[in-house]
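A.B. asks: Coordinates only, no sequence provided:
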């Protein structure tokens with residue numbers, strides 16, 4: 001590899017075939033400071049998966065991740081301190097990055113040399129492959145994982161558990177990433193999504209709960225999962241209150257009962273195809289007027305609902321704008337809080353697990 005050749009050229013007297021932190025300290029690739037160990041960015045490498053892609057499960061080009069990186073850059077520029085990235089010695093020299101991908105991207109933005117001369121604080125990660133996978137989820141410093149990124153991670157943890165001779169159960173996965181078994185079960189339901197459906201969920205256009213319901217529906221009845229997801233996530237039409245709907249049903253019954261016999265016969269003949277739709281019949285105006293009044297009240301209720309929803313949307317938008325304004329003048333403590341990393345499905349997944357076949361998915365909304 002060219003990277004290894006470059007390192008060997010820079011450190012001709014050191015054999016990094018079998019590497020260690022001690023060896024890199026001795027070669028002065030790593031320096032000790034009062035705050036701990038440091039290494040230059042050019043010697044920090046991304047760990048690769050077997051298929052050659054980056055080992056990290058986070059989408060580093062997503063809008064959310066890029067915003068998180070930008071917040072870290074701003075925090076450091078204000079004089080803030082971020083935790084050391086976690087690394088392991090890399091065969092051939094340098095270190096492999098285990099935890100701290102967003103911080104590392106922020107460091108690259110701050111590297112004035114453009115070639116990796118920037119020194120960054122590191123700490124050695126200790127653990128096996130399974131521990132490294134779990135660290136992606138349990139990290140408290142990088143941006144939050146999306147449900148689709150968590151799916152990729154949980155599948156890898158399951159495979160690694162099996163490789164190590166375990167069964168790869170939901171509980172074993174949950175124990176590794178410190179969430180509930182139910183939470184892992186819900187995320188792994190997303191394995192049934194195809195590419196387009198995953199994109200819809202990953203972008204936030206479809207709620208996780210709606211996606212899981214669609215997957216379960218397709219398993220039972222068949223069909224296309226993407227279309228099922230789009231249908232499940234479609235906005236529900238606004239409806240009048242149940243009480244008004246009951247009144248409308250009763251009103252329809254009263255109207256039918258009040259009709260003359262010949263009107264009822266004419267309606268039945270129309271249904272059989274023996275009458276034209278343009279034929280005129282007689283109905284009592286009083287019962288019809290009552291039904292029209294109920295319909296008008298239904299329209300009023302629906303309009304009121306729409307107005308409330310519009311006001312709520314406007315209020316939410318104003319709150320988001322206010323949050324953005326506050327972010328422009330964050331304190332150091334607030335900037336630190338932006339580095340938190342907990343599961344991002346709307347509620348703490350460490351909730352009591354349901355004993356039913358269909359566990360409560362409200363936390364996925």
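C.D. replies: Cool, got the structure. Note that this is a predicted model, so its numbers are computed, not measured.
A.B. asks: Mind pulling up the pLDDT for the residue lying farthest from the centre of the chain?
C.D. replies: Most distant residue from the mean C-alpha position of the chain: residue 262, 61.7 Å away (C-alpha atoms, centre = their mean). Note on residue 262: pLDDT of 93.
A.B. asks: what's the helix or strand for it?
C.D. replies: Counting by DSSP states H and E, the element that carries residue 262 is helix 261-272.
A.B. asks: list the buried ones in that helix?
C.D. replies: For helix 261-272, a neighbour-count test (16 or more other C-beta atoms under 10 Å) marks 263, 266 as buried. Quick note: C-beta positions are derived from backbone N, CA and C, even for glycine.
A.B. asks: got it, and stretch 26-38?
C.D. replies: Neighbour-count burial for stretch 26-38 flags 29, 30, 37 (criterion: 16+ other C-beta under 10 Å).
A.B. asks: do stretch 203-220 as well
C.D. replies: 206, 207, 208, 209, 210, 211, 212, 213, 214, 215, 217, 218.
A.B. asks: Just name the closest of the residues you listed to residue 84, please.
C.D. replies: residue 208 (33.0 Å; C-beta to C-beta).
A.B. asks: Using the three-state scheme, assign residue 115.
C.D. replies: Put simply, residue 115 is coil when judged by DSSP: H, G, I helix; E, B strand; the rest coil.
A.B. asks: And the helices in the stretch 251-365 of the chain?
C.D. replies: Taking DSSP state H, counting those that start in this stretch as the criterion, the stretch 251-365 of the chain carries its helices at 261-272, 285-327, 332-337.
A.B. asks: Tell me which other helices or strands the second one touches.
C.D. replies: Counting by 3 or more C-beta pairs under 8 Å, 6 or more residues apart in numbering; DSSP states H and E, the packing neighbours recorded for helix 285-327 are helix 242-258.
A.B. asks: Okay, angle between the helix it packs on and helix 261-272 too, please.
C.D. replies: Counting by axes from the mean of the first three to the mean of the last three C-alpha atoms, to 10 degrees, helix 242-258 lies at 110 degrees to helix 261-272.
A.B. asks: can you give me the mean pLDDT across helix 242-258?
C.D. replies: 91.
A.B. asks: How far does it sit from its chain's centre?
C.D. replies: Between the centre of helix 242-258 and the centre of its chain there are 45 Å (C-alpha atoms, centre = their mean, to the nearest Å).
A.B. asks: again, but for stretch 114-130
C.D. replies: Worked out by C-alpha atoms, centre = their mean, stretch 114-130 lies 27 Å from the chain centre.
A.B. asks: Pull out the buried residues from it.
C.D. replies: Going by neighbour count (16+ other C-beta under 10 Å), the buried part of stretch 114-130 is 118, 120, 121, 122, 123, 125, 130.
A.B. asks: what do you get for stretch 87-104?
C.D. replies: In stretch 87-104, counting by 16+ other C-beta under 10 Å, buried: 87-90, 93-104.
A.B. asks: mind listing what the residue farthest from the centre of the chain touches?
C.D. replies: Applying C-beta atoms under 8 Å, 6 or more residues apart in numbering to residue 262 gives the contacts 281, 282.
A.B. asks: how much space between it and residue 276?
C.D. replies: 16 Å (C-beta to C-beta, to the nearest Å).
A.B. asks: for residue 67, same thing?
C.D. replies: Counting by C-beta to C-beta, the gap from residue 67 to residue 276 is 64 Å.
A.B. asks: which one of those two has more residues nearby?
C.D. replies: It is residue 67, of residue 67 and residue 276, that has more neighbours when counted by other C-beta atoms under 10 Å, with 13 against 9.
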